[in-house]
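J.: can't give you the sequence, but here's the structure:
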């Protein structure tokens, strides 16, 4: 910036350019003085006067200014420029500032300019392009010719999408407008919607895609290339839904715009990249984790949306039954040991752990987390971001944390034997450790830990409890009210409304399986019991299975049986609900063990399994099961 300011000062002295041309033999002293007098009368730049009066050529003036100020001279109209770059600078802006894009080099946007020393012009270009500008100098004629050659693509399809989508945000003033800063952050602009028309179509489109996803409560945005087009999908309440399809030519500029915002290398399209950007939506901070992946038809981009305003969730709000919530609170009141939260990716494990942290956070505790990545920032705790590239691994962080006098340690995920061993030994030596493991249910977590290489005695002595979970969609409250008003509760969630995006579901809750490690379970772990033996023992001691917990939510009207079946995997021995008490029973049971009602799934005479549409048992001809 200092060199640019100095160059600007150099050019502000008109004698400098005149003297240079005179020294080079292109002008005599009289011509220079005459041109200076014209410059005083008109207020125009000396170079413009000299070229207009045909005293020297426009090209020679541009070359001379470039030489004096160490700015490269370029002829953009003769170059083969990537068409995608012209979408980063709107045509109206290119004409206003007589500037056209040339290339991206070393994370700088090279732009050919008729006046490369105009500070306001550089600021405008940097704002709209979203990255640092490196100016080259070119003649006015060549720049206008470049504009005529390249700004002829049809942006109407994108503009129609932007205009249609912008209507959804008019009432809530949900505009995500980029503001240039060192952190490349997005901010909400509360000015009128017409300001959107001042932005380029790709900038507008990026803002609309992100803003609409946040408004619709999406957790992820998927930008997926195809052969002749590409599509944008939102993951809402765990399910992907297609939001828009766009012409293929928009793909690369849109991906480039997102990469610029996330401070990724825009020129690298062959390797995956990860980055982040923060937005302000309706006054709330929202972080976007950006991941790019090269595919056969171009780069696929996924943006994970992390709403910072939703991190402060209470343990009573995640969907635990009162009985299970009390068990969990007893677990976290212990001074040492290991508590594990299990489930597949996207099952809400991190949310549950943060809810536990909210309960544990106090001025008397030293609470440290090791995460990859740090998804939510919480005041009052020490959060560490894993960085494998520099050797900052889970295991290395854990070793250092143990020398920092911690009370509670949060390990983002136990992935390998080394991390598991350190975490369990920390739990055994006086620390409360919280972590996650990828398993399907609570009992199978024991087997997973043993497979990793943790000795049975260490598991049984250190483990406090296991929380297995899934996320199930909740029925939309507004839809339920409509159904009740119409006395049509039996229609389930068929109505749909704007609040739930016409799906009948709005928001998610957890289906849980809380397994405290009792003395009996410790004994079974030490003796090498199977998952099924541990499950039976836990159920005998009062553990509610994930299916039973889900069925209770179905019975209460919070969700539907179809949604529960979609999310919660059935065991090898299939279960279904007892028609009388609605509790989960094995379909090979003769009677329900909870209410003693005869099972409709087996023949009352011979005990063999029956199909739902059979009128009689084909094994013994008995038909009384239909009565």
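T.: Happy to help now that I have it. From a predicted model like this one, the values you see are computed outputs, not experimental measurements.
J.: which residues in the stretch 251-400 of the chain form strands?
T.: Counting by DSSP state E, counting those that start in this stretch, one finds strands in the stretch 251-400 of the chain at the ranges 273-281, 284-295, 298-307, 337-342, 367-371, 382-385.
J.: Out of the ones you listed, indicate the one that is most buried.
T.: Among these, ranked by average contacts under mean count of other Cβ atoms under 10 Å, first place goes to strand 337-342 (a mean of 24). Bear in mind the C-beta positions are built from the backbone N, C-alpha and C, glycine included.
J.: looking just at contacts, which helices and strands does that strand meet?
T.: Counting by 3 or more Cβ pairs under 8 Å, 6 or more residues apart in numbering; DSSP states H and E, the packing neighbours recorded for strand 337-342 are helix 322-332, helix 349-360, helix 417-428, strand 432-437, helix 442-452, strand 463-475.
J.: and these as TSV, adding mean neighbour count, mean pLDDT and distance to residue 402?
T.: What follows is these, written out as TSV (neighbours: other Cβ atoms under 10 Å; pLDDT from 0 to 100; distance: least, Cβ to Cβ, whole Å):
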stretch	mean neighbour count	mean pLDDT	distance to residue 402
helix 322-332	16	94	20
helix 349-360	20	88	18
helix 417-428	20	89	6
strand 432-437	24	93	11
helix 442-452	21	92	20
strand 463-475	25	93	19
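J.: Serialize these to a markdown table and add fields for distance to residue 596.
T.: What follows is the helices and strands packed on strand 337-342, written out as a markdown table (distance: least, Cβ to Cβ, whole Å):
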| stretch | distance to residue 596 |
| --- | --- |
| helix 322-332 | 23 |
| helix 349-360 | 36 |
| helix 417-428 | 43 |
| strand 432-437 | 38 |
| helix 442-452 | 27 |
| strand 463-475 | 29 |
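J.: Figure out which of the ones you listed is closest to residue 208.
T.: Of all these, it is strand 463-475 that lies closest to residue 208, at 25.8 Å by Cβ to Cβ.
J.: Partner strands of the closest one, with direction?
T.: strand 337-342 (parallel), strand 505-516 (antiparallel) (DSSP bridges).
J.: where among those strands is the average confidence lowest?
T.: Of all those, mean pLDDT reaches its minimum on strand 505-516 (a mean of 91).
J.: Quick one: list the elements packing against the helix or strand that comes right after that one.
T.: Following strand 505-516 in sequence order, the next helix or strand is helix 519-526 (DSSP states H and E). Judged by 3+ Cβ pairs under 8 Å, 6+ apart, the packing partners of helix 519-526 are helix 456-462, helix 531-540.
J.: between the ones you listed, which one is nearest to residue 430?
T.: In terms of Cβ to Cβ, the element of those nearest to residue 430 is helix 456-462, at 11.1 Å.
J.: Okay, now the unreliable bits of the stretch 251-400 of the chain?
T.: The stretch 251-400 of the chain contains residues with pLDDT under 70 at 308-312.
J.: I misspoke; the intended subject was the stretch 501-627 of the chain.
T.: Within the stretch 501-627 of the chain, the segments meeting pLDDT under 70 span 570-576, 624-627.
J.: where do the helices sit along it?
T.: Residue ranges of the helices in the stretch 501-627 of the chain, as given by DSSP state H, counting those that start in this stretch, are 519-526, 531-540, 546-555, 561-567.
J.: same thing with the stretch 151-300 of the chain?
T.: All helices of the stretch 151-300 of the chain, identified by DSSP H, counting those that start in this stretch, fall at 156-169, 201-215, 251-261.
J.: hang on, the earlier thing: residue 224 is nearest to which of the helices and strands packed on strand 337-342?
T.: Between residue 224 and the helices and strands packed on strand 337-342, the shortest gap by Cβ to Cβ is with strand 463-475, which sits at 23.1 Å.
J.: the inter-axis angle of that closest one versus helix 417-428?
T.: Relative orientation of strand 463-475 versus helix 417-428 (axes from the mean of the first three to the mean of the last three Cα atoms, to 10 degrees): 110 degrees.
J.: can you state the direction angle for strand 463-475 and helix 349-360?
T.: Counting by the same axes, to 10 degrees, strand 463-475 lies at 120 degrees to helix 349-360.
J.: Distance-wise, check residue 587 relative to residue 545.
T.: Remark: distance between residue 587 and residue 545 (Cβ to Cβ, to the nearest Å) = 15 Å.
J.: For the residue lying closest to residue 553 once chain neighbours are set aside, the count of nearby residues, please.
T.: Spatial nearest neighbour of residue 553, chain neighbours left out: residue 559 (5.1 Å); criterion: Cβ to Cβ, 6 or more residues apart in numbering. Close neighbours of residue 559, defined as other Cβ atoms under 10 Å, add up to 24.
J.: And residue 559, how far from residue 236?
T.: Distance of residue 559 to residue 236, given as Cβ to Cβ: 16 Å.
J.: Same question for residue 607.
T.: In terms of Cβ to Cβ, residue 607 sits 45 Å off from residue 236.
J.: neighbour count winner among the two?
T.: Neighbours were counted for residue 607 and for residue 236 using other Cβ under 10 Å; residue 236 has more, 22 against 14.
J.: wait, that one sits on residue 218?
T.: Yes. Assessed by Cβ atoms under 8 Å, residue 236 is found in contact with residue 218 at 5.1 Å.
J.: So which residue is smack in the middle of the chain?
T.: Centrality entry for the chain: nearest residue to the mean C-alpha point is residue 304, 0.9 Å, by Cα atoms, centre = their mean.
J.: Could you tell me which residues within stretch 81-95 count as buried?
T.: Neighbour counts over stretch 81-95 (16 or more other Cβ atoms under 10 Å) mark 81, 84, 85, 86, 87, 88, 89, 90, 91, 93, 94 as buried.
J.: Likewise for stretch 608-621?
T.: Residues 610, 617 are the ones in stretch 608-621 that count as buried (16+ other Cβ under 10 Å).
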